[in-house]
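Engineer: I'd like to go over a predicted model; first the sequence, then the structure.
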Amino acid sequence: MDTNTTSYTPLPGDPFLSGPPATPRRPLKGFAVIFAAVIFLMSLVALIINQGPPQQDSHHHKKQSASTASSETTSYSRLPRGIAQGVSAKSNPSFSDEASYNWTNAMFSWQRTAFHFQPERNWMNDPNGPMFYKGWYHLFYQYNPDSAVWGNITWGHAVSIDLIHWLYLPLAMVPDRWFDANGVWTGSSTILPDGQIVILYTGSTNESVQVQNLAYPANLSDPLLLHWVKYSGNPVLTAPPGIGSTDFRDPTTAWIGPDGLWRITLGSKVNKTGISIVYTTANFIDYELLEGVLHAVPGTGMWECVDFYPVSINGSKGLETSANGPGVKHVLKASLDDKKMDYYAIGTYFVENNTWIPDDPKIDVGIGLKYDYGRYYASKTFYDQNKERRILLGWINETDTETDDLEKGWSSLQTIPRVVLFDNATGTNLLQWPVEEIEDLRLNTTEFSDVLVEAGTVVPLDIGTATQLDILVDFEIQVLETECVNGNGSVGCGDGATDRSTLGPFGILVLADETLSELTPVYFRVSNSTDGDVTTYFCADETRSSKAPEVYKTVYGGQVPVLDGETYSARVLVDHSIVESFAQGGRTVIASRIYPTEAIYGAARLFLFNNATGVNVKATLKIWELNSAFIHPFPLDQI
């Protein structure tokens, strides 16, 4: 199936205005047939174990000439893609136009992930409108059907029965009306109590003005939701006075208040103050802007992809988006255009005046906690009524050049879906953890107990293939010289894993080759101040992850609470060019985007390391090799 085609066609009338649409649906032989076909296909995957690399190329890619690349590559002396159109940057202006590393086809092939969702080809960015409907998880996403760089943004569409194995569907919506002629941009879905589904999304008009539009399924009895209708009266919202025409985007999932009205919030800014504004609606066509703002934080700039949802302070389950009352906190998250990071804060929602107040103003939105301290942006959550959990999805973009991406023919991917819970142990953090379904990919297991890693040493771990892994590791510190404990050197993550201090860094080296010419350390770094306060940072050092000079490489990390009685624990998912790392049950998370040239296929290795000067560490690990996920076109010809 060619997913560059679309099933979206303009349909007459607006069935949304008169109840569920009566449009005849695509003939189906029954949902059971669909489900059986998918199960059959997925069963084949269970028999497949990663068989290692394809034949290595003997030739190298030729760099694209200026004449052939000029129509698609950005001149990096100009603004990056997206800025001129009124959205966040979608290219890397600090890099050269030409890739300076001689990549081979085998290297590019290895970079494509095995169990993270990404399209068959071309560019992808923000996740849109995720939901669970009639047995299927639906993921829409920002997509360019024509190229591996940003532009011509449409809504791609895929479905899954388990959030791991995905099936591509035809495009859901394309930019074909004046109100979205320059892009069908980010939006959210809401499932109403009567079973109807509404999607609100930002359209960039034929004059590049940001407006909010309504869309809905043509046929609610179709579990695949193949066809979508854009409301003929779009746009349903335009920017209010005082808001710039390119500073008004990304409506949230709606929630209902005690007055029976639905509410949505959108991101914007006033000068350098990031804000979220709230509208009420009874029918998703007519809206009233409420006085004031849901929240505002000076100095944080434009808020994109705002998300707002409840969490239970004492429970282990997610909450439906409209939940409120005793035992409930609310999370407000914004993607900061200026910083290109997703920040969140936990607080209290006062529905009577539609305001939200953070529990701790010192860690407010944009100045405190991040969902992910690595390569991560434009995230969105949804309530999974199937398993009573809140699921978080986020976009991981590339750190190489557009020239490289055009050579590969694809760019970007989505994180492994994460379950989000309130951390009642700290009272200040969220916990993010890979969905349990990822464990179905686990194959052979290797365990290590109490491995001693002395100060200044590296210990190899013999596990075989090391490019698709699920790693659980716990570290315990053994202090060597107590009188030296306070001499800690650099703060935070320091200058990377080679920046030694008394209590760290220590951790694991993933995607390393035998000679350690390439490696990516994921590590803890502990600081013990003179007054006895202990601060721990969780970090990922990409600076030696690749020999390719054009790739952006940095040290990522953030503070992580480690409570009394806890060991230093981490979970690390390795999937070729993606490493997702979770510390202390998911209090701090880092997504790394790396492109090794040596540590690939059978040459990839795993090590423990301890670069502290004053402690030994003992490590206990459980490591699974992971199978590949089934991510293919939906067999529509079998319906």
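Structural biologist: Happy to help now that I have it.

Engineer: contacting residues for Gly257?
Structural biologist: Counting by CB atoms under 8 Å, 6 or more residues apart in numbering, Gly257 makes contact with Arg263, Thr280, Ser322, Val351. Quick note: C-beta positions are derived from backbone N, CA and C, even for glycine.

Engineer: Run through the residues that contact the closest residue to the second one other than its chain neighbours.
Structural biologist: Going back to what we said before, that points to Thr280. Among residues not flanking Thr280 along the chain, Leu261 sits closest, at 4.3 Å (CB to CB, 6 or more residues apart in numbering). Taking CB under 8 Å, 6+ apart as the criterion, Leu261 is in contact with Thr280, Thr281, Ala282.

Engineer: Can you tell me which of those is nearest Cys493?
Structural biologist: Of all the contacts of Leu261, Cys493 sits closest to Thr280, with 44.1 Å by CB to CB.

Engineer: just so I have it, where are all the helices in the stretch 351-500 of the chain?
Structural biologist: Assigned by DSSP state H, counting those that start in this stretch, the helices in the stretch 351-500 of the chain fall at 402-408.

Engineer: what about the strands in it?
Structural biologist: Ranges of strands in the stretch 351-500 of the chain, per DSSP state E, counting those that start in this stretch, are 355-358, 369-370, 377-384, 389-396, 410-411, 413-414, 418-422, 430-434, 442-453, 457-461, 468-479.

Engineer: just the stretch 501-639 of the chain next, same as before
Structural biologist: Taking DSSP E, counting those that start in this stretch to define them, one finds strands in the stretch 501-639 of the chain at 506-512, 520-528, 534-541, 555-559, 568-575, 578-583, 588-593, 605-610, 615-626, 631-633.

Engineer: got the angle for the first one vs strand 442-453?
Structural biologist: Which is strand 506-512. Relative orientation of strand 506-512 versus strand 442-453 (axes from the mean of the first three to the mean of the last three CA atoms, to 10 degrees): 130 degrees.

Engineer: Start at 291, not 1
Structural biologist: Shifting the count to begin at 291 puts that one at strand 796-802.

Engineer: quick one: strands adjacent to strand 796-802?
Structural biologist: Here strand 796-802 has these sheet partners by DSSP bridges: strand 810-818 (antiparallel), strand 895-900 (antiparallel).

Engineer: Quick one: mean pLDDT for the last one?
Structural biologist: Across strand 895-900, the average pLDDT comes to 98.

Engineer: Alpha carbons of it, as PDB, please.
Structural biologist: What follows is strand 895-900, C-alpha atoms only, in PDB (Å, rounded to 0.1, in the frame of the first residue of the first chain):
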ATOM      1  CA  ARG A 895      28.900  -3.700  22.600                       C
ATOM      2  CA  LEU A 896      27.700  -3.000  26.100                       C
ATOM      3  CA  PHE A 897      30.000  -2.000  29.100                       C
ATOM      4  CA  LEU A 898      29.800  -0.800  32.700                       C
ATOM      5  CA  PHE A 899      32.000   2.100  33.700                       C
ATOM      6  CA  ASN A 900      32.900   4.000  36.800                       C
END
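
Engineer: returning to what we had before: any idea which of the contacts of Gly547 is least confident?
Structural biologist: Among these, Val641 has the lowest pLDDT, at 94.

Engineer: For it, give me its contacts.
Structural biologist: Applying CB under 8 Å, 6+ apart, the residues contacting Val641 are Gly547, Pro548, Asn614.

Engineer: now Trp646
Structural biologist: Here Trp646 is in contact with Leu584, His585, Phe598, His620, Leu622, Gly637, Thr638, Tyr639, Phe640 (CB under 8 Å, 6+ apart).

Engineer: if we take those, which one ends up nearest to Trp700?
Structural biologist: Nearest to Trp700 among the contacts of Trp646, with distances taken as CB to CB, is Phe598, at 32.1 Å.

Engineer: is it true that that closest one touches Thr542?
Structural biologist: Yes. Counting by CB atoms under 8 Å, Phe598 does reach Thr542; the two are 5.5 Å apart.

Engineer: Give me the number of neighbouring residues for the residue nearest to Asp654 when sequence neighbours are not counted.
Structural biologist: Excluding the flanking residues, the one nearest Asp654 by CB to CB, 6+ apart is Pro648, at 4.8 Å. Neighbour count for Pro648, taken as other CB atoms under 10 Å: 20.

Engineer: Pretty sure Pro648 sits against Tyr633.
Structural biologist: No. Assessed by CB under 8 Å, Pro648 is found out of contact with Tyr633, at 11.1 Å.

Engineer: what do the two both touch?
Structural biologist: Joint contacts of Pro648 and Tyr633 (CB under 8 Å, 6+ apart) are Val655.

Engineer: show me where the stretch 491-640 of the chain has strands.
Structural biologist: Ranges of strands within the stretch 491-640 of the chain are 500-507, 518-520, 545-546, 552-560, 563-571, 577-579, 585-587, 593-602, 618-626, 631-640, based on DSSP E, counting those that start in this stretch.

Engineer: Could you give the separation of the first one from the chain centroid?
Structural biologist: Spelled out, that is strand 500-507. The chain centre lies 23 Å from the centre of strand 500-507; the measure is CA atoms, centre = their mean, to the nearest Å.

Engineer: what is the mean pLDDT for that strand?
Structural biologist: 98.

Engineer: which other helices and strands contact that strand?
Structural biologist: Counting contacts by 3 or more CB pairs under 8 Å, 6 or more residues apart in numbering; DSSP states H and E, strand 500-507 packs against strand 487-494, strand 518-520.

Engineer: low-scoring stretches of the stretch 491-640 of the chain, by residue?
Structural biologist: For the stretch 491-640 of the chain, applying pLDDT under 70 flags no range at all.

Engineer: now the end-to-end length of stretch 897-904.
Structural biologist: The first and last residues of stretch 897-904 sit 20 Å apart, counting by CA to CA, to the nearest Å.

Engineer: How about stretch 507-515?
Structural biologist: First-to-last distance for stretch 507-515 - CA to CA - comes to 6 Å.

Engineer: List the buried residues in that stretch.
Structural biologist: Across stretch 507-515, burial judged by 16 or more other CB atoms under 10 Å covers Pro507, Ala508, Asn509, Leu510, Asp512, Pro513, Leu514, Leu515.

Engineer: Identify the bridge partners of Leu490.
Structural biologist: Ser478, Leu504.

Engineer: Quickly note the distance from it to Pro465.
Structural biologist: According to CB to CB, to the nearest Å, Leu490 stands 16 Å off from Pro465.

Engineer: again, but for Thr735
Structural biologist: Distance from Thr735 to Pro465, by CB to CB: 48 Å.

Engineer: Between those two, point out the one with more neighbours.
Structural biologist: The residue with more neighbours, out of Thr735 and Pro465, is Pro465; 19 against 11, by other CB under 10 Å.

Engineer: Return the per-residue confidence for the more buried one.
Structural biologist: 98.

Engineer: Convert whichever strand or helix holds Ala448 to PDB, retaining C-alpha atoms only.
Structural biologist: Assigned by DSSP states H and E, Ala448 belongs to strand 444-450. The C-alpha trace of strand 444-450 is given here as PDB (Å, rounded to 0.1, in the frame of the first residue of the first chain):
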ATOM      1  CA  THR A 444      -0.700  16.600   6.300                       C
ATOM      2  CA  TRP A 445      -2.100  14.200   8.900                       C
ATOM      3  CA  GLY A 446      -0.600  10.700   8.600                       C
ATOM      4  CA  HIS A 447      -2.500   7.900  10.300                       C
ATOM      5  CA  ALA A 448      -1.600   4.500  11.800                       C
ATOM      6  CA  VAL A 449      -3.400   2.000  14.100                       C
ATOM      7  CA  SER A 450      -2.300  -0.600  16.600                       C
END
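
Engineer: can you give me the angle the helix or strand following that strand makes with strand 500-507?
Structural biologist: The helix or strand immediately downstream of strand 444-450 is strand 456-463, counting by DSSP H and E. Here the directions of strand 456-463 and strand 500-507 differ by 120 degrees (the same axes, to 10 degrees).
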